[in-house]
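A.B. asks: Sharing a model that was predicted from the sequence below.
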Amino acid sequence: MDKIKNSHEGVVAYGVLDAMDRTPEGVEQRVIDLFTAKGTAVVTNVPGPRKPVSAFEDELADLLAMDRS
């Protein structure tokens with residue numbers, strides 16, 4: 001984690017995300033699909049919520065969800 005934290009990967013990733021946000025939705029979705037197809041694991045030392053999280057009276061099952069509709 002220390003090696004990753006001290007690298008430029010985070011800055012580059014946020015730059016790519018910012019650039020994607022400025023593209024048309026169809027292009028953005030294709031780039032997201034490309035990146036998510038290559039991901040194998042996410043590692044973090046940030047704890048998740050200690051209590052169930054809800055939105056609009058519905059309990060959330062995942063902290064990160066992508067709308068594929």
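C.D. replies: Great, that's in hand. Residues are numbered from 1 along each chain as shown.
A.B. asks: Contact partners for the residue of the chain most remote from its centre?
C.D. replies: In the chain, the residue that sits farthest from the middle, by Cα atoms, centre = their mean, is Glu57; the gap is 23.7 Å. Not one residue lies near Glu57 by Cβ atoms under 8 Å, 6 or more residues apart in numbering. In this view, the C-beta of every residue, glycine as well, is placed from N, C-alpha and C.
A.B. asks: pLDDT-wise, which helix or strand of the chain ranks last?
C.D. replies: Lowest mean confidence among the helices and strands of the chain (mean pLDDT, DSSP states H and E): helix 2-5, at a mean of 79.
A.B. asks: Downstream of that helix, the next helix or strand is which one?
C.D. replies: helix 9-21 (DSSP states H and E).
A.B. asks: so what secondary structure elements neighbour that next one?
C.D. replies: Using 3 or more Cβ pairs under 8 Å, 6 or more residues apart in numbering; DSSP states H and E, the elements in contact with helix 9-21 are helix 25-38.
A.B. asks: the inter-axis angle of the helix it packs on versus helix 9-21?
C.D. replies: Here helix 25-38 runs at an angle of 150 degrees relative to helix 9-21 (axes from the mean of the first three to the mean of the last three Cα atoms, to 10 degrees).
A.B. asks: export helix 25-38 as CSV, just CAs?
C.D. replies: Below are the C-alpha coordinates for helix 25-38, written out as CSV (Å, rounded to 0.1, in the frame of the first residue of the first chain):
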residue,chain,number,x,y,z
GLU,A,25,-22.1,9.3,-22.1
GLY,A,26,-21.6,6.5,-24.7
VAL,A,27,-17.8,7.1,-24.8
GLU,A,28,-17.7,7.3,-21.0
GLN,A,29,-19.6,3.9,-20.7
ARG,A,30,-17.2,2.2,-23.1
VAL,A,31,-14.2,3.4,-21.2
ILE,A,32,-15.8,2.3,-17.9
ASP,A,33,-16.5,-1.1,-19.4
LEU,A,34,-12.8,-1.4,-20.6
PHE,A,35,-11.4,-0.5,-17.1
THR,A,36,-13.8,-2.6,-15.1
ALA,A,37,-13.2,-5.7,-17.3
LYS,A,38,-9.5,-5.5,-16.4
